[in-house]
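> Predicted model and sequence below, questions to follow.
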Amino acid sequence: MTDLVLVEHPQPHTAVVTLNRPERLNAMSIELVIELEDRLQEVAADNDTWVVILTGAGRAFCSGLDLKDYGIIPNIDGLSVGRIAQRSMRYYSRLILTLRRMPQPVICAVNGPAYGGGMCLTLAVEIRLASESATFNATGIVNGLTSTELAASWLLPRLVGAAHSNDMLLTGRRIDAAEAYRMGLVSRVLADDEIQAEALSIAARMCEFSPYGLAMTKDILWVNLENPSLEAAIEIEDRNQLMLGFTENLPEAIRAFDQGRSPVYTDAPRRDLFDGS
């Protein structure tokens, strides 16, 4: 059987996770969702992976729930219909928390349609790139359901504001890449044949930094998204920065600058603070 989710390591410290149902526009069957959860957990636990790229095979990122082949979750013997439904939903929604909890920053290369749950996956990552053919759509409302799924009602307003979010989630209209960029849903728009290379280039640049610094920056970006207090946000930033300050990274950055070379960060404990040198 073909793997529904592919994991490749095309360059040092970078994992590319690809949804692999191109014949169904990478629609979210339960089998794909379970496999995606498993692969993301494996990548998260890989200490040699510092940055992750999430994308789709073929001409789409993900068309959302597969309405013709959504499948049945495992281990439902003895459960009522309501309990099966609740557990089924959590197979999908837990992907958002898995992406959030991964220590690695995630770049989403949206290489075509990102609809429904597929759009929601893009909202859960730290960096979104769109190909010129990318489109975004909240399909739940179109299909007689609600567009408030997989954390869309929490994530989308924080990315694009309430006005744009309400418009997208209530009208079900399609947003093209140019409009997604204008409203701040994506940070860059690239030609279809350039998006993968650009995602790899961005990942390579990020991998020149400290993996500890990347992971801690991701953590605090998310924590302060929920933090209502300016003073509390500054306090947690201060502690975050101090933790990195106790490594050899800053002295190495200074040495590298003086020597005209690129720094090599090891995240090793800083020696000069304790040995008197």
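Sure, I can see it. Numbering: from 1, shown residues only.

> Does Met57 touch Asn26 like I think?
For residue 57 the amino acid is Ala, not Met. Yes - under the contact definition of Cβ atoms under 8 Å, Ala57 touches Asn26, with a separation of 6.5 Å. (Glycine included, C-beta is placed from N, CA and C.)

> who has more neighbours, those two?
More crowded of Ala57 and Asn26, by other Cβ atoms under 10 Å: Asn26, with 31 against 18.

> Double-check that the more buried one belongs to a strand.
No - when the secondary structure is assigned by DSSP: H, G, I helix; E, B strand; the rest coil, Asn26 falls in coil instead of a strand.

> mind checking the backbone torsions on it?
Reported as degrees, to the nearest 10, the phi and psi values for Asn26 are phi 60, psi 40.

> these two touch, right, it and Gly58?
Yes - here Asn26 lies in contact with Gly58, judged by Cβ under 8 Å, at a distance of 7.2 Å.

> got a list of contacts for the one helix or strand in the chain whose mean pLDDT sits lowest?
The least trusted helix or strand in the chain, going by mean pLDDT, DSSP states H and E, turns out to be helix 81-101, with a mean of 89. Residues outside helix 81-101 that contact it (Cβ atoms under 8 Å, 6 or more residues apart in numbering) are 28, 30, 33-34, 36-37, 40-41, 44, 54, 65, 73, 76, 79, 106, 117, 120-121, 123-125, 149-151, 155, 222.

> so after that helix, what's the next helix or strand?
strand 106-110 (DSSP states H and E).

> which strands and helices sit next to the helix or strand following that following strand?
Using DSSP H and E, the helix or strand that follows strand 106-110 towards the C-terminus is strand 113-115. The criterion is 3 or more Cβ pairs under 8 Å, 6 or more residues apart in numbering; DSSP states H and E, and the helices and strands that strand 113-115 contacts are strand 135-137.

> ok now the very next helix or strand once past the strand it packs on, how far from the chain's centre?
Next in sequence after strand 135-137, counting helices and strands by DSSP H and E, comes helix 152-160. With Cα atoms, centre = their mean, to the nearest Å as the basis, helix 152-160 stands 14 Å off its chain's centre.

> angle of helix 152-160 against helix 81-101?
What separates the directions of helix 152-160 and helix 81-101 is an angle of 30 degrees, with axes from the mean of the first three to the mean of the last three Cα atoms, to 10 degrees.

> quick one: the residue sitting nearest the centre point of the chain from Glu235, how far?
Ranked by distance to the mean C-alpha position of the chain (Cα atoms, centre = their mean), the top residue is Val125 at 2.3 Å. Counting by Cβ to Cβ, to the nearest Å, the gap from Val125 to Glu235 is 27 Å.
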